[in-house]
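Participant: what follows is a predicted structure for the sequence shown.
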Amino acid sequence: MPELYLRLLDRVLTPVLLILSAYLFLRGHNAPGGGFIAGLVASVAFELQILSRGERFVRKRIGPYLHPMTGVGLLCAATAALIGLRDGEFFESIWTAVHLGAAEIELGNPMLFDFGVLLVVVSVVVSILLGLSSGYGGAEQ
């Protein structure tokens, strides 16, 4: 049974870690960050869930989505590479600006590639963490 302080930390830190992950993802094109680092930070949030609520809880909630998430991430990355063919070169960057009130958000195929990387990193790392946290290689009896 997980300790009470871990459940409290989980309730406080998981949203903070996921918001930090989104921030790192969005700023990763103009400053340090991006899909890989954002995926690792999101994986830390899921590891905190594993420690505080148990491996079975996390496996039941997100376990069925881990393998499809890897496929979707690879599909996003491949699509981002192929979008550049529209302008004649493989992996050519295509950007557009979206204005939301006073804020301006740049969207482009490098962001789609980073999103694919984020999905693959989260799914692979959480799968490994779930396997390590269960007994005997992750096989449930």
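Facilitator: Structure's in. What do you need?
Participant: which residues touch stretch 33-46?
Facilitator: 13-14, 17-18, 20-28, 58, 62, 113-122, 125-126, 129 (Cβ atoms under 8 Å, 6 or more residues apart in numbering). (C-beta placed from N, C-alpha, C; glycine too.)
Participant: and stretch 104-114, by the same measure?
Facilitator: Contacts for stretch 104-114 (Cβ under 8 Å, 6+ apart): 25-26, 28-29, 34-35, 38, 76-77, 79-81, 83-84, 93-98.
Participant: pLDDT-wise, which helix or strand of the protein ranks last?
Facilitator: strand 103-108 (a mean of 82; mean pLDDT, DSSP states H and E).
Participant: can you give me the angle the next helix-or-strand element following that strand makes with strand 103-108?
Facilitator: The C-terminal neighbour of strand 103-108 among helices and strands, as given by DSSP states H and E, is helix 109-133. Orientation of helix 109-133 against strand 103-108 (axes from the mean of the first three to the mean of the last three Cα atoms, to 10 degrees) gives an angle of 80 degrees.
Participant: quick revisit: ok, the least confident helix or strand of the chain: who's next to it in the sheet?
Facilitator: Here strand 103-108 is paired, per DSSP bridges, with strand 95-100 (antiparallel).
Participant: quick check: buried residues in the partner strand?
Facilitator: Neighbour counts over strand 95-100 (16 or more other Cβ atoms under 10 Å) mark no residue as buried.
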